[in-house]
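K.L.:
Following is a predicted model, sequence given first.
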There are 2 protein chains.
Amino acid sequence: MSVIAKHINPKFQHLFQDRFCFTPNEYELLLSYMQFQHIHKKDFYLRPGEICRTKAYLNKGCTRNFVVDERGHERILFFAFEDWWLGDFDSYYTQKPGTNYVQAIEDCELLVISKENFAMLEERIPKLKQWYTYKVTRSASASLKRMEEIRTLTPKERYLNLIEQHPHIFQRIPLQYIASFLNIEPQSLSRMRKRLAEER
Amino acid sequence: MSVIAKHINPKFQHLFQDRFCFTPNEYELLLSYMQFQHIHKKDFYLRPGEICRTKAYLNKGCTRNFVVDERGHERILFFAFEDWWLGDFDSYYTQKPGTNYVQAIEDCELLVISKENFAMLEERIPKLKQWYTYKVTRSASASLKRMEEIRTLTPKERYLNLIEQHPHIFQRIPLQYIASFLNIEPQSLSRMRKRLAEER
DNA sequence: GATAACGCTTAACCTTGGTTAAGAAATGAC
DNA sequence: GTCATTTCTTAACCAAGGTTAAGCGTTATC
């Protein structure tokens, strides 16, 4: 077992092997190109202006991608939890300066790999490419769906949808961030929750 | 000159020849596969449920693409004016029943061509493909930009943007349709216009 | 354990857009 | 030209979210 493998959360190993059946050799190869990195709550993995040259497997913890709009408001694009990849994907693909903050909401364990090494490994481990493509596709369609929701639904409808479809978010994400995710002010979310509670 | 060429608006000829320099032969070939069609104000070129098997060059007039949402509200996706192509593009590419109404806002002159014939002509006239790709790309990015505006801007900001960027629309499109395009009720647009007028 | 910082809630006030209904103006049909 | 239809405007009322400001409870920090 590699030095890295010893440090990481067992869950990581589990996912890689269980869901995509990497062989022990593939698994070791993969890990040998990844740097283990710990970041604390509120630390940034990436800031606007930086070129995103690596991506990071989120092994433990959760993060938020957000931008700051013309009015100076933070706008949360999405949250990431265990078993997702972090980065500013626009910047990653274009290698131009990005626009996203990527910030830890909890203390996080990351496994970081450079774009070049990842590309190289994708060639050597076809399953890796499949797995990553699957992840990216899922997150892209979730993103689109969310944009569409913000465009067409009321804040209340978005809130109720979120409770129904991703109740676990409320266990780990502060309400102020959920408000931003829903595109409303924290006070408005608070008031809405009160109104909904009173309706029962 | 073909029979069709004699009937069409000179502007059509102008655009084809000027902007993309079709040769007279290419031009005649193109027209020989297109059916001239006149539709009246409020007539439909396409309705939801129909499979979009043709596309139509809008030679004169203007149209709107719209869908009816769950609440029974019409939602205008975009307007088309001279020198654009009409259709339900999702349905056109998938050949599944579509969701869009395509309706004439003014009396329209169309040049209709089947999907098969267009594909065939694209092979024989490379410039046609270039030209059409250019059109589609532009309209796709305009569409995205608009979705983004509805998501992030207030109705007032969207209205002011529209005046600034597409003032000509107000000369030809009834305000009720512009309201729908801006994602608000006609009464609200009317009130907003009044408020803005009073601010001066 | 006192103090500060943070996250969340509450309240009052304001603005804005939806809703309903009615009326005015413009357009179309005969 | 008259009548009907369509389009646009106005008004009153309501609901909902933004803004500002204050307070409260929990968590950190020393």
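P.N.:
That came through, no problem. What you see is a predicted model, and the numbers here were worked out from it, not measured in a lab.

K.L.:
for chain A, what spans make up the strands?
P.N.:
Listed in chain order, the strands of chain A (DSSP state E) span A:35-39, A:44-46, A:54-60, A:63-68, A:74-80, A:84-86, A:101-104, A:108-114.

K.L.:
Which positions in chain A make contact with DNA strand C?
P.N.:
A:P174, A:L175, A:Q176, A:Y177, A:P186, A:Q187, A:L189, A:S190, A:R191, A:R193, A:K194 (CB under 7 Å from any atom of the strand). Any C-beta I mention is one placed from the backbone N, CA and C, and that applies to glycine too.

K.L.:
who's the spatially most central residue of chain A bridged to?
P.N.:
With distances taken as CA atoms, centre = their mean, chain A has A:A80 as the residue nearest its mean C-alpha position (2.5 Å). When bridges are called by DSSP bridges, A:A80 pairs up with A:T63.

K.L.:
Provide a list of residues in contact with it.
P.N.:
A:L58, A:C62, A:T63, A:R64, A:N65, A:L86 (CB atoms under 8 Å, 6 or more residues apart in numbering or on different chains).

K.L.:
Repeat the analysis, applying 6 Å as the threshold.
P.N.:
A:A80 makes contact with A:L58, A:T63, A:L86, according to CB atoms under 6 Å, 6 or more residues apart in numbering or on different chains.

K.L.:
For the residues of chain A next to DNA strand C, work out which two are farthest apart.
P.N.:
The most widely separated members of these, counting by CB to CB, are A:Y177 and A:K194 (19.0 Å).

K.L.:
These two: which is more packed in?
P.N.:
Each of A:Y177 and A:K194 has its neighbours counted (other CB atoms under 10 Å in any protein chain shown); A:Y177 has more, 20 against 10.

K.L.:
Give me the pLDDT value at that one.
P.N.:
Note on A:Y177: pLDDT of 97.

K.L.:
A:L182 contacts A:R158, correct?
P.N.:
Yes: with contact defined as CB atoms under 6 Å, A:L182 counts as touching A:R158 (5.1 Å).

K.L.:
What angle do strand A:63-68 and the lengthiest helix in chain A make with each other?
P.N.:
Across chain A, the longest stretch assigned as helix under DSSP state H is helix A:126-152. Orientation check (axes from the mean of the first three to the mean of the last three CA atoms, to 10 degrees): helix A:126-152 against strand A:63-68 gives 50 degrees.

K.L.:
ok, and for helix A:126-152, which residues are buried?
P.N.:
If you call a residue buried by 16 or more other CB atoms under 10 Å in any protein chain shown, then helix A:126-152 has these buried ones: A:L128, A:W131, A:Y132, A:R146, A:M147, A:E149, A:I150, A:R151, A:T152.

K.L.:
check contacts around A:R151.
P.N.:
By CB under 6 Å, 6+ apart, the contact list for A:R151 reads B:I150, B:R151.

K.L.:
Domains in chain A, by residue range?
P.N.:
Domains of chain A are assigned by automatic domain parsing as A:3-143, A:153-200.

K.L.:
Of all these, which one is nearest DNA strand D?
P.N.:
DNA strand D lies closest to domain A:153-200 among the domains of chain A, at 3.2 Å (CB to the nearest atom of the strand).

K.L.:
Check the offset of that closest one from the chain's centre.
P.N.:
On the basis of CA atoms, centre = their mean, to the nearest Å, domain A:153-200 sits 20 Å off its chain's mean C-alpha point.

K.L.:
anything in it near chain B?
P.N.:
No: under the criterion of CB under 6 Å from any CB of the partner chain, chain B is not reached by domain A:153-200; the shortest gap measures 8.0 Å.

K.L.:
now check that domain, is it near DNA strand D?
P.N.:
Yes: shown here: domain A:153-200 in contact with DNA strand D (CB under 7 Å from any atom of the strand) through A:T154, A:P155, A:K156, A:N183, A:I184, A:E185, A:Q187, A:S188, A:R191, A:M192, A:R195.

K.L.:
Out of those residues, which one has the lowest pLDDT?
P.N.:
Note: of the residues of domain A:153-200 next to DNA strand D, the lowest pLDDT belongs to A:R195, at 93.

K.L.:
Tell me, how many residues neighbour that residue?
P.N.:
Counted with other CB under 10 Å, residues neighbouring A:R195 total 10.

K.L.:
how close does it sit to A:Y159?
P.N.:
From A:R195 over to A:Y159 the distance is 11 Å, taken as CB to CB, to the nearest Å.

K.L.:
Neighbours of A:K115, how many?
P.N.:
When neighbours are counted by other CB under 10 Å, A:K115 registers 16.

K.L.:
For the residues of domain A:153-200 next to DNA strand D, which two are the farthest from each other?
P.N.:
A:N183 and A:R195 (17.8 Å).

K.L.:
can you pull the buried residues of stretch A:52-67?
P.N.:
Those would be A:52, A:54-66, for stretch A:52-67 by 16+ other CB under 10 Å.

K.L.:
got a markdown table for these, with distance to A:Y27 and pLDDT too?
P.N.:
Shown next, in a markdown table, are these (distance: CB to CB, whole Å; pLDDT from 0 to 100):
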| residue | distance to A:Y27 | pLDDT |
| --- | --- | --- |
| A:C52 | 25 | 97 |
| A:T54 | 20 | 97 |
| A:K55 | 18 | 95 |
| A:A56 | 18 | 95 |
| A:Y57 | 13 | 93 |
| A:L58 | 18 | 92 |
| A:N59 | 14 | 89 |
| A:K60 | 18 | 89 |
| A:G61 | 22 | 92 |
| A:C62 | 24 | 95 |
| A:T63 | 24 | 96 |
| A:R64 | 29 | 96 |
| A:N65 | 28 | 96 |
| A:F66 | 33 | 95 |
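
K.L.:
of those residues, closest to A:C21?
P.N.:
Nearest to A:C21 among those: A:Y57, at 17.2 Å, using CB to CB.
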